[in-house]
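Colleague: Mind folding the following:
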Amino acid sequence: MRVLWVIATAVTMNVEVPLDAAAWQIINDGVMGGVSSSAVRAVGAGGLRFEGRLSLDSGGGFASVRRSFSLPSEGPVSSVSAFALRVRGDGQQYRLTVFTRDPRTGEREPYHYQGAFDTSGDEQEIVLPLADFVARFRGRPVDAPLLDPQRIIAIGLQISDRQAGPFVLEVQSIALVTAR
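Modeller: So this is what the prediction gives:
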């Protein structure tokens, strides 16, 4: 009997999301009458600190930041499989939020995609497979196609889910992981 062994190797490339604090826009629950507060600033060598206080008063309950981001037109966009984050959190749960454009109109989709991750208080490497992202509209899951990395136009971070009180999330990197 002859046995054939095939060794497959994948080359992994990371496309980094720029973390320059000035490019991130704060969007808190004040857009719906809430009173949560947040700030974003640069930390360390190229890192980002997202911090504030989440309040459930006045119908609130979320704080977020986002920035424009899209993948370069050259490269293996179709082979993007996950987001990889290096973070230090405060033991609370956060969400990586991805905004996409409608391929028919070119406008931003009315929904967005979110991948939740828990923090431990220590530095962590977190991998969020694209298949695990959930499409949401105003905080509720909606039926939508799977997240297509070619349609990404913005990326963000959010804390919500009734986690009232102070929060701090330091982000050293966010990258899209591709394999060829």
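
Colleague: Just want the most central residue of this protein.
Modeller: Leu96 (2.3 Å; C-alpha atoms, centre = their mean).

Colleague: so that residue makes contact with Ile174?
Modeller: Yes. Using C-beta atoms under 8 Å, Leu96 makes contact with Ile174 at a distance of 7.3 Å. Every C-beta, even on glycine, is put in place using the N, C-alpha and C of the backbone.

Colleague: so what's Pro166 bridging to?
Modeller: Beta-bridge pairing for Pro166 (DSSP bridges): Arg53.

Colleague: do the same with Val177
Modeller: Applying DSSP bridges, one finds that Val177 bridges with Asn14, Ala82.

Colleague: Tell me how far it lies from Val15.
Modeller: Distance of Val177 to Val15, computed by C-beta to C-beta, to the nearest Å: 8 Å.

Colleague: where does this structure dip in pLDDT?
Modeller: 1-13, 74-78, 179-180 (pLDDT under 70).

Colleague: ranges for the strands of it?
Modeller: 12-16, 25-28, 37-43, 47-54, 63-68, 80-88, 93-100, 112-118, 123-129, 134-137, 140-141, 152-159, 165-179 (DSSP state E).

Colleague: Ok, which of these comes nearest Gly106?
Modeller: Closest to Gly106 of the strands of the chain, according to C-beta to C-beta: strand 152-159, at 9.5 Å.

Colleague: Report all helices and strands that the closest one contacts.
Modeller: Packing partners of strand 152-159 (3 or more C-beta pairs under 8 Å, 6 or more residues apart in numbering; DSSP states H and E): strand 63-68, strand 93-100, strand 165-179.

Colleague: can you put those strands in a markdown table and add distance to Leu147?
Modeller: What follows is the helices and strands packed on strand 152-159, written out as a markdown table (distance: least, C-beta to C-beta, whole Å):
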| stretch | distance to Leu147 |
| --- | --- |
| strand 63-68 | 16 |
| strand 93-100 | 6 |
| strand 165-179 | 11 |
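
Colleague: so which of those gets nearest Ala45?
Modeller: So among these, strand 165-179 is nearest, using C-beta to C-beta, at 8.7 Å.

Colleague: how about the closest one: buried residues?
Modeller: 167-178 (16 or more other C-beta atoms under 10 Å).

Colleague: tell me the angle it makes with strand 152-159.
Modeller: Relative orientation of strand 165-179 versus strand 152-159 (axes from the mean of the first three to the mean of the last three C-alpha atoms, to 10 degrees): 140 degrees.

Colleague: Next up, the contacts around Thr97.
Modeller: Contact analysis of Thr97 by C-beta atoms under 8 Å, 6 or more residues apart in numbering lists 64, 66, 112-114, 155-158.

Colleague: Please check the residues you listed and keep the buried ones.
Modeller: The buried subset of the contacts of Thr97 (16+ other C-beta under 10 Å) comprises 64, 66, 112-114, 155-158.
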